[in-house]
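>>> build me a model from this:
(chains A and B)
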Amino acid sequence: MRPAPTEAAQAGRAMRLAHHLYGLGPLVGLVVLCIVGTLLNHDFATVDNLMNVLTRTSFIGIIAVGETFVIISGGIDLSVGSMAALIAGSMIWLMNGLSAGVGGHTFAPLEIIAIGIALAFVLGGLFGWAHGLLITKGRIEPFIVTLGTLGIFRAVLTWLADGGALTLNNSLTDLYSPVYYASLLGVPVPIWVFLVVAAGGTLILNRTAFGRHVQAIGSNEQVARYAAIRVDTVKIVTYVLLGICVGVATVLYVPRLGSATPTTGILWELEAIAAVVVGGTALKGGEGRVIGTVIGAILLSVIANILNLTSIISVYLNAAVQGAVIIVVAFLQRGRR
Amino acid sequence: MKQVIRAIGAGVLALGILGAAGAARADDKVILGVAIPTADHGFTGGIDWWANKAKEDMEKAHPDLKVILKTSASAPEQANQLQDMVTVNKINALVIFPHESASLTQPVAQVKKKGIYVTVVDRGLTDTSAQDAYVAGDNTAFGRLAGEYFCKSLNGQGDIVALRGIPTTLDNERYSAFTEALKACPGVKVLDAKYANWNRDDAFKVMQDYLTRFKHIDAVWSADDDMSVGVLKAIDQAKRTDIKEVLGGAGSKEMIKRVLDGDKLINADVTYSPKFIYDAIKLTAEARLKGQTLPAKTIVPSVLVTKDNAKDYYFPDSPF
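Residues are numbered from 1 along each chain as shown, chains lettered A, B, ... in the order given. As a prediction, the model looks like this:
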């Protein structure tokens, strides 16, 4: 290729700058929201409130990081909320069963919790793997596969819970609850986990061959195939990663209330997907950033938090405010695709 | 391939007809159809459990009664079930817990037109002439009892935060009855009332934010036992000691147990028990077996449960 004329190079630089500015859209939105929140209620800017918001964001945030990979690769997973609910239910069901002892053998409470956590990871990985297989080898649209499992997972949980609630035994709850409620250096555990997952996600997406393959497949699957990328394997791995992220989120979720009901995790899929897209990832795949997703997730829970801290707007209109903010932020980062 | 499918289809159809013929035995005097929503949250889970228990108890007590139980996930599905029950199962009485009032009024009217006795539970139809009897819980009393309770327990002075369910007429009835009852004691103020969708997780978040926003709260009306779970966890996490009382509602076994055991925050509960489906099935079955009818409207009252009467409302076997 010939050396590009200087004008084109300058135009390219301007494009990159514009690109960067648009990428800042969600961050600008978040900063503006925080200023508005502080003006409306001074308690908004307290450390306690900040920690509350970040802690409750961690479930959706962790799931959204996994979802970012799936969406960048051109797929989608609608089942994450139901999957989290089923994993939570299965964990509680198994841990309660083990605490009663199996075949005369009793387990130490710490062992039981370790087994429960292991189960969450295994189930998440397995569910993701099943999704990946059905989508790649079974050649079914990801939308349909995960819409199907969305129903299956929730129905199985409802059946496990007999339509009611599965509640963790009290003795186990006391031992397990620090996983959600305890703090390390003044920062609650779930926020640390969220940080680690987000940092890991960023590294994998930007610094590994796998991350580049995910982006290549999303922008043009056919070209990726000709470039000798193992498209099916990469896609399956993205779904497995997401499944494990759901497992991690569930491990943090269960100690919060110590229970799973048929309404657990309802509409989480929508929140996770909204976080990813608000964060600047193209829904059609090809490009996106994990840090954007993190900001998107925080933004969504900050809106709900501010609405709860004030009563200037009728409660009937809460959802409308959320919708409007999402559209405005999306407007700020338009032109990226 | 097509022929195979057709053959299978015919076979299934034949089996269906045989099954239906088997179901409608000549010695069944009353064939009672029961149409209820599937268990998608704690309350409907309770509805399903009580309906199954009613089927079991009633069929055991009355050999000439057959109860056909169907659950549905949506209003259209429920409407289809009604048609099936009339044409296939040949029901002559129906107890229905409608998904929605408006969209099921016509389908139920069609059933009644065929001479089938119809009892509607909980959600009234928009045209009451489409039903023979109506059995329901008392939403007004549900809110009123809670309001009166707070007036008394707070000695006419204090600050309350409230959590509401999902924006529906049912929730409005409860909430307006609650604020109406509080007018009797102007010293008790409602600081705010936000929707938490009858959901444990949403209630946890809303309560956390209330605790950030209000430095002093005397009592919480969580209005639902599922929401109380989230509220209690949030209070626990914030280590707040100013809150003296959390009042839920519905009468789940978990909360009734706390009342029984003399919990620090849960001193009472207001019932809105899914057991009314049991009562409706029982009343309808027994009346129809004797050829009688039910009163046009039966209200199953909401009751304030305190430590004294809690044991009468504790059903440890129910999932709810």
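>>> so B:Asp242 lies in a helix, does it not?
No. Secondary structure assignment (DSSP: H, G, I helix; E, B strand; the rest coil) places B:Asp242 in coil, not in a helix.
>>> count the neighbours of A:Leu241 for me.
25 (other C-beta atoms under 10 Å in any protein chain shown). C-betas here are computed from N, CA, C, even on glycine.
>>> pick out the residue of the stretch 51-200 of chain A closest to chain B.
Residue of the stretch 51-200 of chain A nearest chain B, by C-beta to the nearest C-beta: A:Gly163 (2.5 Å).
>>> how about the contacts made by B:Ala54?
Going by C-beta atoms under 8 Å, 6 or more residues apart in numbering or on different chains, B:Ala54 touches B:Val34, B:Val67, B:Ile277, B:Tyr278, B:Ile281, B:Lys282.
>>> at 7 Å what do you get?
B:Ile277, B:Tyr278, B:Ile281, B:Lys282 (C-beta atoms under 7 Å, 6 or more residues apart in numbering or on different chains).
>>> go through those residues and say which is closest to chain A.
Looking across the contacts of B:Ala54 and measuring by C-beta to the nearest C-beta, the closest to chain A is B:Ile277, at 12.8 Å.
>>> so where does that closest one fall, helix or strand?
Assigned by DSSP states H and E, B:Ile277 belongs to helix B:276-289.
>>> what packs against the helix or strand that that helix is followed by?
Downstream of helix B:276-289, the first helix or strand assigned by DSSP H and E is strand B:297-300. If you count contacts as 3 or more C-beta pairs under 7 Å, 6 or more residues apart in numbering or on different chains; DSSP states H and E, strand B:297-300 packs onto strand B:133-137, helix B:276-289.
>>> sorry, back to before: residues of the helix holding B:Ile277 that come out buried?
B:276-281, B:283-289 (16 or more other C-beta atoms under 10 Å in any protein chain shown).
>>> now render the residues you listed as TSV, adding pLDDT.
TSV is the format used below for the buried residues of helix B:276-289 (pLDDT from 0 to 100):
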residue	pLDDT
B:Phe276	85
B:Ile277	91
B:Tyr278	91
B:Asp279	90
B:Ala280	91
B:Ile281	93
B:Leu283	91
B:Thr284	93
B:Ala285	92
B:Glu286	91
B:Ala287	91
B:Arg288	91
B:Leu289	91
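>>> which one of those is nearest to chain A?
When these are compared against chain A (criterion: C-beta to the nearest C-beta), the nearest one is B:Ile277, at 12.8 Å.
>>> strands of chain A, start to end?
Remark: strands assigned in chain A by DSSP state E are A:166-167, A:183-184, A:187-188, A:259-260.
>>> any idea which of those strands is most buried?
strand A:259-260 (a mean of 26; mean count of other C-beta atoms under 10 Å in any protein chain shown).
>>> neighbouring strands of that strand in the sheet, and parallel or not?
strand A:166-167 (antiparallel) (DSSP bridges).
>>> so what touches the strand it pairs with?
With C-beta under 7 Å, 6+ apart as the test, strand A:166-167 has contacts from A:Gly89, A:Ile92, A:Trp93, A:Leu160, A:Gly258, A:Ser259, A:Ala260.
>>> do I have it right that the first one meets A:Ala260?
Pointing back at A:Gly89 there. Yes. The criterion here is C-beta atoms under 7 Å, and A:Gly89 meets it with A:Ala260 at 4.1 Å.
>>> any shared contact partners between these two?
A:Leu157, A:Ala161, A:Leu166.
>>> quick one: the first one and A:Leu86 touch, right?
I take that to be A:Leu157. Yes. Using C-beta under 7 Å as the test, A:Leu157 is close enough to A:Leu86 to be in contact (4.6 Å).
>>> near chain B, which residues of the stretch 201-337 of chain A?
A:Arg256, A:Leu257, A:Ser259, A:Thr261, A:Pro262, A:Thr263, A:Asn305, A:Asn308, A:Leu309, A:Ser311, A:Val315, A:Tyr316 (C-beta under 7 Å from any C-beta of the partner chain).
>>> biggest separation within those, which pair?
Using C-beta to C-beta, the two most remote members of those are A:Pro262 and A:Ser311, lying 30.8 Å apart.
>>> low-confidence ranges in the chain?
This is for chain A. For chain A, applying pLDDT under 70 flags the ranges A:1-23, A:333-337.
>>> I was thinking of chain B, sorry if that wasn't clear
In chain B (pLDDT under 70), the answer is B:1-28.
>>> do a quick rundown of the helices in it.
Using DSSP state H, the helices of chain B run over B:2-23, B:42-61, B:75-87, B:101-113, B:139-153, B:169-182, B:200-213, B:225-238, B:253-260, B:276-289.
>>> does the residue of the stretch 51-200 of chain A closest to chain B touch B:Ala51 like I think?
No. The pair A:Gly163 / B:Ala51 is not scored as a contact, 10.9 Å apart, by C-beta under 7 Å.
>>> closest one to A:Val276 among the helices of chain B?
Using C-beta to C-beta, the nearest of the helices of chain B to A:Val276 is helix B:200-213, at 20.6 Å.
>>> now the angle from the helix holding B:Ile277 to strand B:133-137?
160 degrees (axes from the mean of the first three to the mean of the last three C-alpha atoms, to 10 degrees).
>>> now do helix B:276-289: distance to the chain's middle.
16 Å (C-alpha atoms, centre = their mean, to the nearest Å).
>>> ok, and what's touching it?
So helix B:276-289 is contacted by B:29-30, B:32, B:34, B:36, B:47, B:50-51, B:53-54, B:58, B:62, B:65, B:93, B:95, B:97, B:117, B:119, B:121, B:135, B:137, B:293-294, B:298, B:300 (C-beta under 7 Å, 6+ apart).
>>> check contacts around the nearest residue to B:Asp84 once chain neighbours are set aside.
Of all residues not flanking B:Asp84 in the chain, B:Lys70 sits nearest, at 7.9 Å (C-beta to C-beta, 6 or more residues apart in numbering or on different chains). Counting by C-beta under 7 Å, 6+ apart, B:Lys70 touches B:Val34, B:Ala35, B:Gln81, B:Met85.
>>> looking at these, which is nearest B:Lys189?
Each of those was scored against B:Lys189 by C-beta to C-beta, and B:Ala35 proved nearest at 43.6 Å.
>>> give me the neighbour count for that closest one.
Around B:Ala35 there are 29 residues (other C-beta under 10 Å).
>>> which residues touch it?
By C-beta under 7 Å, 6+ apart, the neighbours of B:Ala35 are B:Lys70, B:Ser72, B:Gln78, B:Gln81, B:Leu82, B:Ile96.
>>> so the residue lying closest to it once chain neighbours are set aside bridges to which residues?
Leaving aside its sequence neighbours, B:Ala35 sits nearest to B:Ile96 (C-beta to C-beta, 6+ apart; 4.5 Å). When bridges are called by DSSP bridges, B:Ile96 pairs up with B:Ala35, B:Val120.
>>> for B:Ile96, what are its contacts?
B:Ile96 neighbours (C-beta under 7 Å, 6+ apart): B:Ala35, B:Val108, B:Val120, B:Val121.
>>> I'd like those residues as TSV, with distance to A:Ser58 appended.
Listed next are the contacts of B:Ile96 as TSV, based on distance: C-beta to C-beta, whole Å:
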residue	distance to A:Ser58
B:Ala35	42
B:Val108	47
B:Val120	45
B:Val121	41
